[in-house]
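# just coords:
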């Protein structure tokens with residue numbers, strides 16, 4: 001099989017060209033973006049047993065890593081702050097090293113069987129405060145550190161595609 005090559009005539013290179021391909025953003029889509037964790041976002045986080053965290057290093061190399069524990073494993077410290085326990089894994093530490101280099105992170109919370117996801121963006125720090133870590137104990141396991149995130153953008157994200165049964169999930 002030969003390597004795929006993109007025809008440069010079909011590469012979108014600027015935002016104006018991109019936006020011309022799609023309808024204008026709806027007012028509802030603009031309004032759903034919030035600057036803090038409202039009741040609905042907090043409820044979603046408490047029900048979610050799984051999230052993906054997206055990070056980048058200083059060179060722009062991206063990484064997405066899964067995190068999970070029993071539902072409610074992410075602590076809501078206040079409407080602008082989350083704490084995610086870091087459990088033992090493969091010890092590559094890609095996410096953690098990236099946060100040290102570039103604290104901008106994106107979270108995608110998932111609830112299995114539910115079509116919507118919750119997106120949360122912000123700035124992360126690595127914290128090893130013993131009281132915070134103790135509050136994140138699960139089945140006798142205390143995390144070595146927590147990823148503490150200052151939230152700056154929150155929105156529910158509906159699946160805009162068509163599931164196998166062909167029913168549109170949302171129009172936002």
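Received, thanks. Everything numeric in this text was worked out from a predicted model, so none of it was measured.
# is the residue most central in space within the chain in a helix, a strand, or coil?
Nearest to the mean C-alpha position of the chain, counting by C-alpha atoms, centre = their mean, stands residue 107 at 1.3 Å. Counting by DSSP: H, G, I helix; E, B strand; the rest coil, the backbone at residue 107 sits in strand.
# identify the bridge partners of it.
residue 53, residue 120 (DSSP bridges).
# which ones are touching it?
51, 52, 53, 54, 82, 84, 118, 119, 120, 121, 149 (C-beta atoms under 8 Å, 6 or more residues apart in numbering). Every C-beta, even on glycine, is put in place using the N, C-alpha and C of the backbone.
# now the residues you listed as a markdown table including neighbour count?
Below are the contacts of residue 107 laid out as a markdown table (neighbours: other C-beta atoms under 10 Å):
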| residue | neighbour count |
| --- | --- |
| 51 | 22 |
| 52 | 15 |
| 53 | 21 |
| 54 | 17 |
| 82 | 24 |
| 84 | 23 |
| 118 | 24 |
| 119 | 16 |
| 120 | 24 |
| 121 | 16 |
| 149 | 25 |
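# the bottom helix or strand of this protein by mean pLDDT?
Ranked by mean pLDDT, DSSP states H and E, the helix or strand of the chain with the weakest confidence is helix 27-31, at a mean of 82.
# mind listing the strands for this structure?
50-56, 62-68, 75-78, 81-86, 104-110, 117-127, 145-157 (DSSP state E).
# residue 34 is nearest to which of those strands?
strand 145-157 (4.7 Å; C-beta to C-beta).
# name the helices or strands packed onto the closest one?
Counting contacts by 3 or more C-beta pairs under 8 Å, 6 or more residues apart in numbering; DSSP states H and E, strand 145-157 packs against helix 39-47, strand 81-86, helix 94-101, strand 104-110, strand 117-127, helix 130-134.
# quick revisit: winner for burial among the strands of the chain?
Comparing the strands of the chain by mean neighbour count (mean count of other C-beta atoms under 10 Å), strand 81-86 ranks first with a mean of 21.
# parallel or antiparallel, which strands does that strand pair with?
Partners of strand 81-86 in its sheet, by DSSP bridges: strand 75-78 (antiparallel), strand 145-157 (antiparallel).
# now the last one: how far from the chain's centre is it?
It refers to strand 145-157. 7 Å (C-alpha atoms, centre = their mean, to the nearest Å).
# relative to strand 104-110, how tilted is it?
For strand 145-157 against strand 104-110, the angle by axes from the mean of the first three to the mean of the last three C-alpha atoms, to 10 degrees is 70 degrees.
# endpoints of stretch 21-39, how far apart?
End-to-end distance for stretch 21-39: 35 Å, by C-alpha to C-alpha, to the nearest Å.
# before I go, just wanted to say thanks for your time.
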